[in-house]
Each structure stands twice: as C-alpha cells, then as structure tokens.
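# Okay, predicted coordinates and the sequence, questions at the end:
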Amino acid sequence: MKIILVEANAGLWKPGTYTRHSCFEPLGIEYIGAVLKREGHDVRVLQQRDTKADEFLEEIVKTNPDICLLYTSPSPRDLSTSRMPS
C-alpha cells in the first residue's frame with residue numbers, strides 16, 4: 001500500500017529560530033513510517049517547511065497515495081490562548 005505521512009505546519013517554519021518546526025525532524029511520523037515500511041508498505045514522509053499551502057497540496061496529490069496521514073501541531077499562538085480548566 002502506498003502511504004504518505006504529512007507534517008503540515010502552516011508557515012511555522014522559521015530558519016534560524018528555535019521552534020519545533022524549525023529545528024526538529026517529525027520523529028512521531030518517522031517512527032510510524034518505519035513500522036509501516038517494515039510491514040512492506042511504500043511510505044513517504046513530506047514536510048511543508050516554507051512551501052505555500054497550494055503547492056504543498058499539489059505535491060501530496062501528485063504522490064497519489066492510498067492513505068494520507070496528516071500531522072499538525074498547535075502553533076504558539078494557539079498555545080498562548082489556550083487554558084487548562086480549573
């Protein structure tokens with residue numbers, strides 16, 4: 001099965017800045033990809049980085065996957081406005 005694992009970061013990648021999307025590999029989806037490859041699947045990992053959303057979507061569609069797993073994480077803006085219930 002052809003599977004694509006996607007990390008979409010909606011413009012959070014900033015070279016030279018210490019943020020999750022700028023300096024770390026997407027280990028979670030890489031671990032998932034390793035298990036899927038071991039099981040015989042054709043796996044590809046894509047990261048958005050500084051690619052515009054429409055271009056990135058085109059790249060995903062071009063791969064013509066059977067399954068597309070999309071990983072996103074909250075932006076710092078989302079985290080700063082969220083609160084734990086008291």
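Received it, and whenever you're ready, just let me know what you need.
# What residues does the closest residue to T72 other than its chain neighbours make contact with?
Ranked by CB to CB, 6 or more residues apart in numbering and with sequence neighbours excluded, the top spatial neighbour of T72 is A8, at 5.3 Å. No exception for glycine: its C-beta is placed from N, CA and C like everyone else's. Each residue near A8 by CB atoms under 8 Å, 6 or more residues apart in numbering is listed here: 48, 53, 56, 70-72.
# Which two among those are spaced furthest apart?
A53 and Y71 (15.4 Å; CB to CB).
# which of those two has more neighbours?
With neighbours defined as other CB atoms under 10 Å, A53 and Y71 compare such that Y71 has more, 15 against 11.
# Looks like the more buried one contacts G28 (just checking).
Yes: using CB atoms under 8 Å, Y71 makes contact with G28 at a distance of 6.7 Å.
# Can you list the residue ranges for strands in this structure?
Per DSSP state E, the chain carries strands over the ranges 2-7, 42-47, 67-71.
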